[in-house]
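Undergrad: mind folding the following:
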Amino acid sequence: MARYTGPSTKIARKFGEPIFGPDKNFERRNCPPGQHGASRKRKKLSEYGTQLREKQKVKYTYGVLERQFRGLYEKASKMKGKTGVNLLLLLESRLDNIVYRLGIAPTRAAARQLVSHCHITLDGEVTSIPSIIVKPGQIVGVRERSKSLEVVQDSLSAHANKYSWFEWNADAKSGKFLNLPVREEIPENVNEQLIVELYSK
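TA: Below you'll find the model as predicted:
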């Protein structure tokens, strides 16, 4: 499975926000990367540059590469409603993202790894595909033999279920996907309209 495996702090510094989650290195040095990052004056981005930057930020945030992202955009464009919002809802519905939102994993990258290594179940069946689109009503949980994993235990102990579109069962270590969130509930700092404008050219 192709995915970005390079330095995460460098990418976060490029966009000026910790898009991969809490990052102590980013907090210490949140200027742009490079030898003159803190002092060099950056040229004002063009309209295209701003749109491209926003698309790249979303791709890195959700851990999706270009071909997959394009496919999701085309699917979103055929759905009813606003294309940009539909795109975010599809990204939010990915299995790896839901594992992260439920607090089973501390980051989306860790969530992808848990799914890929068959530690996660969907409606009771073990799955190893992080990109599966989960539908409202389905239940995402931790496989029985994986419930004692240290990464799962640590993540859940530090996590409070703060998203209203999930119902968490602490005893079963599983969460029910109740409904799609409304745009205002999605916490990511994203201007999805810029992505729509980019792909509409």
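Undergrad: which residue is nearest the centroid of the chain?
TA: In the chain, the residue lying closest to the centroid (CA atoms, centre = their mean) is Tyr62, at 3.1 Å.
Undergrad: for that one, give me its contacts.
TA: 91, 94, 97, 108 (CB atoms under 8 Å, 6 or more residues apart in numbering). Using the backbone N, CA and C atoms, a C-beta is placed for each residue, glycine as well.
Undergrad: partner residues bridging the spatially closest residue to Gly141 that is not a sequence neighbour?
TA: Nearest residue to Gly141, sequence neighbours excluded (CB to CB, 6 or more residues apart in numbering): Ser174, at 2.9 Å. On the basis of DSSP bridges, Ser174 takes part in beta bridges with Gly141, Asn169.
Undergrad: give me the local confidence score for Ser174.
TA: pLDDT, Ser174: 95.
Undergrad: tell me if I'm right that it and Val140 touch.
TA: Yes. Look at Ser174 against Val140 with CB atoms under 8 Å: they come within range, at 6.5 Å.
Undergrad: comparing these two, which residue is more hemmed in?
TA: Counted by other CB atoms under 10 Å, Ser174 and Val140 do not tie: Val140 has more neighbours, with 23 against 19.
Undergrad: quick one: end-to-end distance for stretch 178-190.
TA: Across its full length, stretch 178-190 reaches 23 Å between end residues, using CA to CA, to the nearest Å.
Undergrad: buried stuff in it?
TA: 180-181, 186, 190 (16 or more other CB atoms under 10 Å).
Undergrad: need the max-distance pair from the residues you listed.
TA: Within the buried residues of stretch 178-190, Leu180 and Val190 form the most distant pair, 16.0 Å apart (CB to CB).
Undergrad: identify the contacts common to Ser174 and Val140.
TA: Residues touching both Ser174 and Val140 (CB under 8 Å, 6+ apart) are Thr121.
Undergrad: residues contacting Ala111?
TA: 96-97, 99-100, 104-105, 130.
Undergrad: and the chain, what are its domains?
TA: The record assigns the chain these domain ranges, following automatic domain parsing: 8-90+189-199, 94-179.
Undergrad: any idea of the mean pLDDT for the helix or strand harbouring Lys57?
TA: Under the criterion of DSSP states H and E, Lys57 resides in helix 47-62. Mean pLDDT, helix 47-62: 90.
Undergrad: what of stretch 102-117?
TA: pLDDT averaged over stretch 102-117 gives 94.
Undergrad: numbering from 473 from now on, please.
TA: Got it, the first residue is 473 from now on, which makes the last one we talked about stretch 574-589.
Undergrad: how far away from the center of its chain is it?
TA: 10 Å (CA atoms, centre = their mean, to the nearest Å).
Undergrad: again with stretch 621-629
TA: 19 Å.
Undergrad: now what about it, what contacts it?
TA: Counting by CB under 8 Å, 6+ apart, 575-578, 582, 586, 591, 614, 618, 645 sit against stretch 621-629.
Undergrad: so which of those residues wins on neighbours?
TA: Ile576 (29 neighbours).
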